[in-house]
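In: sequence first, predicted model second:
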Amino acid sequence: MAEPSAEEQAREVADRYWDRLLELDPIAATQVGDDRFDDRLPDPSDEGIARRATVLESARRDVAGIDRSGLGTDARTTLDVLDAIARQGLEAIEYRIDRLQAVSHLLGPGQLLAELATLQRADTPERAAAYAGRLRAIPTYLERMGAAARGGVAAGMTAPALVVDRTIAQMQRLLATAPEESPGMAPLPAGSPDREAVAAILRDDVWPAYRRYLDLLIEYRPHAREENVGTCALPRGEEIYASQIRAHTTLPLTAGEVHATGLRELEAIQEETRAVAGKLGYPDAESALAAYAASGRNTAASREQLLDLARRQVEASWEAARGFFGRMPVSPCEVKAVEEFREQDMPPAFYYPPSADRSRPGVYYVNLGDLPSRPLHLLAAISYHEANPGHHFQISIEQEFTDRPALRRFGGIWAGTAFAEGWALYCERLADEMGLYGDDYERLGMLAGQAWRAVRLVVDTGLHALGWDRERAVDLGVSAGLARSTAEVEVDRYISWPGQALAYKTGQVEIQRLRAEASSSPGFSLPAWHDRLLELGTLPLLVLREEMQRST
C-alpha cells in the first residue's frame, strides 16, 4: 500500500485533531453545528487541562512532521492554523489563563446559559435529551471552575475587584430570575413536552449550583486586586501579557510597539474628525454632536426604534455589497436584541455566526439598554462591523468552503481574532466607500469607532503593561467619543480579557497595508481582492501576508 501523500497527511492530521479539539471544547462544537458533544461541557479541572496539553503538544509534533514543500494553499494554511491553535493553547496553559477566566463577567460561568440559549437547539427528543445532559453537567463544571478560582488565590493570580463585583452582580441577577423564565429554557420550543423536565433540572440542579458558585465569588472577593487592575500586577505578569499580545494579534509585537501604533493612529483619526466637524460648521466633533444631541435626533425614542434602525442598516449594506464583492454569503443575517438580564454587562453589539448546516443563521445582537448611552450616529458603523460586510460576510463565506477540512473552515474560533476583527474594522471604513453613511454625523460615528479602536491599543497596553488605573483608561475612552457608561463597560472588558482589544486595529492596519500594496499592481480589482482575502479566511496575520503576496 502506497504511503499517503503530504496533502493526504495534512488532511488526516487536521481532521483527527479537529475531532479531539471539539471533544475538549464541546461548546465550541455546538457553536459550529457539530452536535456529537451536545450533552457535555468542557473540563476545567487540572486533569482536564493536562489532557488538553497532551493533545496540543501532539498536534504540534504531527504538524512539524509533514513535508510542506509540495503542499497547496489549503493544506499549507490548514497546518498553519492547527499549529497556531496548538501554540496559543499551550501558552494559555503555561500561564494558567484559566484561573483568571474562572472569575469573569465576560468569559466566566455567568454567561453559560445565555450562550447555550443562542447556540443550542432542543427541538427534538434526542436534542432535548442532550441538552438536559449538558444542564446536569453544570454543577460539576461550576465546582471545577471554583477550584480554578481558588487555585488562582493560592498562586496570587486573582481577578481585579471590579471584575469580581460585576460577576457577583451578574450572578445575583440570574438567580433572581425564576428558572422556568430564564435563558435556560430558550433552546426548547413552546409546547415542547420536555419543558417541564428541563425546568426541574434548572430548579433542582443548576440554580443550587449557581448559588454555590455565588458563595464562592463572595469568598473570593477579599482576595481580589483593589489597586493595579492589569496583568503587570500578577506573578510573571509581563510574560503573561506578552503571551496574550501574541495570541490576539498573531504578530511578534511588543507592548511598546502596540502602544506607539495606537497613539499614531489616534492622532491621524482625530485630524480627520476635525475636518468632518468643520464641514458641519463646528470647530470639533464634541460641539457638532452636542448640538445634534440637543436636537433630539441622536437618541432613539424607543427600544423598538433602535432595533428597527439596525435592521434597515443590515438590509441596505447587503444590497450595496454587490458592487464590492464578487461572492455574497449564502446564509442570511438576523438582527436581535440582547436579553435584558445581561444588557448591563454586554457591549453595544456583537455577532454570533451561523451553524455549519445553516439551520441557525448568523445573528447580530444589538444592546437596547440605557438608550441615552446608545447615540444613533454610532450605530451605522457598528452594524457594518458586526453584520454586512463585516463579521457576517467573513465568517459565513469561510464556512461555505465545504471541501476544506472543518478545522480550516471553523478553526478561527481558536486561531486568533486579529484577522476577523481587523476585517470587521476595515469594513467600517469600506462602508464609506460603499456610500452607506447617510450623513456626516454617521461619518463622525465611524471615525469615533476608528478612534476607539486606536484607543484600545493605548488603553490595553496602558492597563496591562504600564500599570494604568481604570479611571485613566475610562477618561481616554470618553475623550475618543464614547459615552462614559459605554467606556466603563469597555474598559472593564479590557481588564477582564487582556490583549483581546488589540486584535481590531492591529488587524485593520495589516489589511489596509495589504490592499495598498496590491492596488499598485496592473489590473487590480477590489471585488476580486476582497474575494481572495475572504477565501483565505481566518489566518494568523503573518500567514495571511504571505498568502496574499503569493496572489499578487
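Out: Yep, that arrived.
In: please name the nearest non-neighbouring residue to residue 491.
Out: Nearest non-adjacent residue to residue 491, counting by Cβ to Cβ, 6 or more residues apart in numbering: residue 473, 4.6 Å away. Bear in mind the C-beta positions are built from the backbone N, C-alpha and C, glycine included.
In: oh, I was asking about residue 428
Out: Spatially, and ignoring its direct neighbours in sequence, residue 428 is nearest to residue 381 (4.5 Å; Cβ to Cβ, 6+ apart).
In: the host helix or strand of that neighbour: what's the following helix or strand?
Out: Here residue 381, judged by DSSP states H and E, is contained in helix 379-386. Once the chain leaves helix 379-386, the next helix or strand it forms, by DSSP H and E, is helix 391-399.
In: now that next one: average pLDDT?
Out: Mean pLDDT, computed over helix 391-399, is 93.
In: and the pLDDT for residue 33?
Out: Note on residue 33: pLDDT of 86.
In: quick one: the helix holding residue 381 to chain centroid distance?
Out: Computed by Cα atoms, centre = their mean, to the nearest Å, the chain-centroid distance of helix 379-386 equals 15 Å.
In: residues contacting residue 148?
Out: 44, 45, 98, 99, 102 (Cβ atoms under 8 Å, 6 or more residues apart in numbering).
In: and the third one, how many neighbours?
Out: By the criterion of other Cβ atoms under 10 Å, residue 98 has 23 neighbours.
In: list the contacts of it.
Out: By Cβ under 8 Å, 6+ apart, the contact list for residue 98 reads 44, 49, 92, 148.
In: and for residue 376?
Out: By Cβ under 8 Å, 6+ apart, the contact set of residue 376 is 297, 298, 299, 300, 306, 309.
In: go again with 6 Å.
Out: Applying Cβ atoms under 6 Å, 6 or more residues apart in numbering to residue 376 gives the contacts residue 298.
In: quick check: it vs residue 294, distance?
Out: In this view, residue 376 and residue 294 are 14 Å apart by Cβ to Cβ, to the nearest Å.
In: returning to what we had before: relative to helix 391-399, how tilted is the helix holding residue 381?
Out: Helix 379-386 and helix 391-399 meet at an angle of 10 degrees, taking axes from the mean of the first three to the mean of the last three Cα atoms, to 10 degrees as the criterion.
In: neighbours around residue 152, how many?
Out: 22.
In: shouldn't it be in contact with residue 158?
Out: Yes - the pair residue 152 / residue 158 is scored as a contact, 5.4 Å apart, by Cβ atoms under 6 Å.
In: quickly list the domain ranges of the protein.
Out: 6-228, 245-551 (automatic domain parsing).
In: closest to residue 236 out of those domains?
Out: Nearest to residue 236, of all the domains of the chain, is domain 6-228, at 6.8 Å by Cβ to Cβ.
In: beyond the helix or strand harbouring residue 260, next helix or strand please.
Out: For residue 260, the host element (DSSP H and E) is helix 255-279. As assigned by DSSP H and E, the chain's next helix or strand after helix 255-279 is helix 285-294.
In: now the residue nearest to residue 540 when sequence neighbours are not counted: how far from residue 458?
Out: Distances taken as Cβ to Cβ, 6+ apart place residue 250 nearest to residue 540, at 3.8 Å, with adjacent residues excluded. Look at residue 250 and residue 458: by Cβ to Cβ, they are 20 Å apart.
In: out of the two, which sits in the busier spot?
Out: It is residue 250, of residue 250 and residue 458, that has more neighbours when counted by other Cβ under 10 Å, with 27 against 24.
In: hang on, the more buried one packs against residue 543?
Out: No - the criterion here is Cβ under 6 Å, and residue 250 misses it with residue 543 at 8.0 Å.
In: ok, and the closest non-adjacent residue to residue 100?
Out: Per Cβ to Cβ, 6+ apart, closest to residue 100 is residue 159, 5.9 Å.
In: burial of the one you found, as a residue count?
Out: If we define neighbours as other Cβ under 10 Å, then residue 159 has 30 of them.
In: now it: phi and psi?
Out: phi -80, psi 160 (degrees, to the nearest 10).
In: tell me the pLDDT at it?
Out: The model reports residue 159 with a pLDDT of 97.
In: in the stretch 201-350 of the chain, mark out all the strands, start to finish.
Out: With DSSP state E, counting those that start in this stretch as the criterion, the stretch 201-350 of the chain has strands at 333-337, 349-352.
In: for the first one, which strands pair with it and how are they oriented?
Out: Think strand 333-337. Strand pairing for strand 333-337, determined by DSSP bridges: strand 362-366 (parallel).
In: check the last one too.
Out: Using DSSP bridges, strand 349-352 pairs in its sheet with strand 362-366 (antiparallel).
In: need the contact partners of the partner strand.
Out: Taking Cβ under 6 Å, 6+ apart as the rule, strand 362-366 contacts 307, 310, 331, 333-336, 338, 349-354, 386-387, 392.
In: let's go with 7 Å and repeat that
Out: For strand 362-366, the external contacting residues (Cβ atoms under 7 Å, 6 or more residues apart in numbering) are 118, 306-307, 310, 314, 331, 333-338, 349-354, 386-387, 392, 395-396.
In: want to try a markdown table for the domains of the chain, with distance to residue 236 as columns?
Out: Shown next, in a markdown table, are the domains of the chain (distance: least, Cβ to Cβ, whole Å):
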| stretch | distance to residue 236 |
| --- | --- |
| domain 6-228 | 7 |
| domain 245-551 | 13 |
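In: figure out how far stretch 32-51 is from the centre of its chain.
Out: Centroid separation for stretch 32-51 versus its chain: 20 Å, with Cα atoms, centre = their mean.
In: end to end on it, go ahead and measure it.
Out: The first and last residues of stretch 32-51 sit 22 Å apart, counting by Cα to Cα, to the nearest Å.
In: and residue 409, what pLDDT?
Out: With respect to pLDDT, residue 409 scores 85.
In: that one and residue 538, how far apart?
Out: According to Cβ to Cβ, residue 409 stands 9 Å off from residue 538.
In: the more surrounded of those two?
Out: More neighbours surround residue 538 than the other of residue 409 and residue 538, with 27 against 23 (other Cβ under 10 Å).
In: excluding its backbone neighbours, what's nearest that one?
Out: Spatially, and ignoring its direct neighbours in sequence, residue 538 is nearest to residue 412 (2.9 Å; Cβ to Cβ, 6+ apart).
In: can you map out the helices along the stretch 401-550 of the chain?
Out: Using DSSP state H, counting those that start in this stretch, the helices of the stretch 401-550 of the chain run over residues 406-410, 418-433, 440-464, 470-479, 484-496, 503-519, 526-536, 541-551.
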